[in-house]
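Enquirer: this one's structure only:
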Ligand SMILES: NC(=O)c1ccc[n+]([C@@H]2O[C@H](COP(=O)([O-])OP(=O)(O)OC[C@H]3O[C@@H](n4cnc5c(N)ncnc54)[C@H](OP(=O)(O)O)[C@@H]3O)[C@@H](O)[C@H]2O)c1
């Protein structure tokens, strides 16, 4: 059932996923730093009859992030889904977002998109600390892998990544997009 979804990484590889969700009736917030890319997406979604609004913010700016997310919730209602494609060193910002969204006091879902490096035998596959989330945050890991075709491997294309993220939301489940096994078969570059 459509609701309010906030997407980080929406102007990059998750662009098509954002537009798909807007076309499915979600109110889609897209967070990024580049105003022109945000504006273009908003106009495209609007022309297709969808609601997509921009949040121009650097996610390392934790105070600004809180203000932007609180403002979005006041304007469009509580956030039901957060799709987070963030750098590993932005963990504090992700925790801040989790706390802010939990402040609404209702259940919501976090689709945490991770690069394939998280699947390496010595990779960092830690999930965010949800101990303060009071069971409100339902966590779904979306792990990006690679594709093996005709005996060779390649990295995922953006359309495959977007389809995987949309499917994870539709199925409301964690997902490995492509494969991460055997790990030794991953592309070399
Ligand atoms: N396993 C795999 O196959 C795999 C895994 C990972 C990535 N990839 C590929 O690698 C490519 C590059 O990935 P990428 O993450 O470098 O690029 P990307 O997804 O194309 O762009 C990063 C996204 O995050 C936003 N962003 C970055 N830093 C931000 C910040 N500080 N504050 C707010 N928003 C921020 C960017 O918007 P702004 O720049 O406007 O802020 C943009 O929307 C992808 O296109 C994908 O195909 C593949």
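Expert: Okay, I see it. Keep in mind that what you see is a predicted model, and the values were worked out from it rather than measured.

Enquirer: Run a quick neighbour tally on the closest residue to the ligand within the chain.
Expert: Nearest to the ligand in the chain, going by Cβ to the nearest ligand atom, is residue 12, at a distance of 2.3 Å. For the C-beta atoms, the positions are set from N, CA and C on the backbone; glycine is no exception. Number of residues near residue 12 (other Cβ atoms under 10 Å) recorded here: 13.

Enquirer: so it sits right up against residue 85, yeah?
Expert: Yes - if you go by Cβ atoms under 8 Å, residue 12 and residue 85 touch, sitting 7.4 Å apart.

Enquirer: The residue of the chain closest to the ligand and residue 174, how far apart?
Expert: The gap separating residue 12 from residue 174 is 22 Å, by Cβ to Cβ, to the nearest Å.

Enquirer: Equivalent analysis for residue 132, please.
Expert: 21 Å.

Enquirer: just checking, residue 78 touches residue 27?
Expert: No - using Cβ under 8 Å, residue 78 is not in contact with residue 27, being 11.0 Å away.

Enquirer: got any residues that touch both of those two?
Expert: Common contact partners of residue 78 and residue 27 (Cβ atoms under 8 Å, 6 or more residues apart in numbering): residue 4.

Enquirer: The ligand contacts on this protein?
Expert: Neighbours of the ligand within the chain, by Cβ under 6 Å from any ligand atom: 9-13, 31-34, 37, 58-60, 85, 115-116, 144-146, 155-156, 158, 161.

Enquirer: how about 5 Å then?
Expert: Contact residues (Cβ under 5 Å from any ligand atom) of the chain with the ligand: 9, 11-13, 32-34, 58-59, 115-116, 144, 155-156, 158.

Enquirer: Could you tell me which of these belong to helices?
Expert: residue 158 (DSSP state H).

Enquirer: Could you say which helix or strand holds the residue lying closest to residue 159 once chain neighbours are set aside?
Expert: Distances taken as Cβ to Cβ, 6 or more residues apart in numbering place residue 16 nearest to residue 159, at 6.1 Å, with adjacent residues excluded. Here residue 16 sits within helix 15-23, counting by DSSP states H and E.

Enquirer: hmm, who's touching that helix?
Expert: By Cβ under 8 Å, 6+ apart, helix 15-23 touches 2, 5, 7, 10, 28, 30, 41, 44-45, 48-52, 83, 158-159, 161-163, 165-166, 169.

Enquirer: likewise stretch 52-61?
Expert: Contacts for stretch 52-61 (Cβ under 8 Å, 6+ apart): 6, 8, 18-19, 22, 27-33, 35, 38-39, 41-42, 44-46, 64-65, 68-69, 72, 75-76, 86, 90, 93.

Enquirer: Would you mind listing which of the contacts of helix 15-23 are buried?
Expert: The neighbour count (16 or more other Cβ atoms under 10 Å) marks 5, 7, 10, 28, 30, 41, 45, 50-52, 83, 161-163, 165-166, 169 as buried among these.
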